[in-house]
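Novice: All I have is the shape, not the residue letters:
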């Protein structure tokens, strides 16, 4: 981590494939650390006054990605935030670099077998999954997994509750903070 901001003050960012629990776990971590929680997709949705699938349909992915970059740049210049990134945010080199230089990045990792059990509740709300076969979705899952390999910490979340994941993340953060004081 190459930032002049003290480690304890740096943002905490959650990355990972869509539907792995970045928002749920991020909210729990932010509550326990008394930090502001930011969901980049929610911020974009609020600005446009429509859902992410509607934004993709009306304005296209390019417009969405540009707006995503603006929000990430704004929030990574803050301190004491817990930020949930959309599943495709790290596809942009600039976003990835901003996050890795300014914040503590947690990759929430899940196996394909565990993730595909969630597909029924995700398919309608995720434009990137629309009109794709299971084979295409699986290929996307592994393609994105390679992109998420740029992180500071990896948390396996196949089993256990979101509360347990939040506890484990806070435990790791406290160890890291104490080690660097």
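Specialist: Looks like it arrived, so ask away. Predicted model only: the values in this text are computed from it and were never measured.

Novice: Toward the C-terminus, what is the element adjacent to the lowest-mean-pLDDT helix or strand in the chain?
Specialist: Here the helix or strand of the chain ranked lowest by mean pLDDT, DSSP states H and E is helix 119-122, holding a mean of 70. The helix or strand immediately downstream of helix 119-122 is helix 134-147, counting by DSSP states H and E.

Novice: what mean pLDDT does that following helix have?
Specialist: In this model, helix 134-147 has an average pLDDT of 89.

Novice: ok, then the element right after that helix?
Specialist: Next along the chain from helix 134-147, counting by DSSP H and E, comes strand 153-156.

Novice: Average pLDDT for the next helix or strand after that following strand, rounded please.
Specialist: Using DSSP H and E, the helix or strand that follows strand 153-156 in sequence is helix 162-179. Across helix 162-179, the average pLDDT comes to 93.

Novice: got it, and stretch 69-88?
Specialist: Across stretch 69-88, the average pLDDT comes to 94.

Novice: let's number from 54 now, not from 1
Specialist: All right, first residue 54 from here; so that's stretch 122-141.

Novice: mind listing what's buried in that stretch?
Specialist: 122, 124-125, 128-129, 134-141 (16 or more other CB atoms under 10 Å). Every C-beta, even on glycine, is put in place using the N, C-alpha and C of the backbone.

Novice: what's the answer for stretch 67-79, then?
Specialist: For stretch 67-79, by 16+ other CB under 10 Å, it's 67-79.

Novice: Go through the residues you listed and flag which are in strands.
Specialist: Among the buried residues of stretch 67-79, the residues falling in strands (DSSP state E) are 67-68.

Novice: which one of the buried residues of stretch 67-79 sits closest to residue 92?
Specialist: The nearest member of the buried residues of stretch 67-79 to residue 92, counting by CB to CB, is residue 76 at 5.2 Å.

Novice: and of the buried residues of stretch 122-141, the nearest to residue 164?
Specialist: Looking across these and measuring by CB to CB, the closest to residue 164 is residue 140, at 15.9 Å.

Novice: Helix, strand, or coil at the closest one?
Specialist: Of the three states, residue 140 takes coil under DSSP: H, G, I helix; E, B strand; the rest coil.

Novice: So it is in contact with residue 69, correct?
Specialist: Yes. Using CB atoms under 8 Å, residue 140 and residue 69 qualify as a contacting pair, with a distance of 7.0 Å.

Novice: Moving C-terminal from the helix or strand residue 81 falls within, which element do we reach first?
Specialist: Per DSSP H and E: residue 81 is located in helix 75-86. With elements assigned by DSSP H and E, the helix or strand that comes after helix 75-86 is strand 89-92.

Novice: As JSON lines, the buried residues of stretch 67-79 with pLDDT would be great.
Specialist: Below are these laid out as JSON lines (pLDDT from 0 to 100):
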{"residue": "67", "pLDDT": "97"}
{"residue": "68", "pLDDT": "96"}
{"residue": "69", "pLDDT": "94"}
{"residue": "70", "pLDDT": "89"}
{"residue": "71", "pLDDT": "84"}
{"residue": "72", "pLDDT": "83"}
{"residue": "73", "pLDDT": "90"}
{"residue": "74", "pLDDT": "91"}
{"residue": "75", "pLDDT": "94"}
{"residue": "76", "pLDDT": "94"}
{"residue": "77", "pLDDT": "94"}
{"residue": "78", "pLDDT": "96"}
{"residue": "79", "pLDDT": "97"}
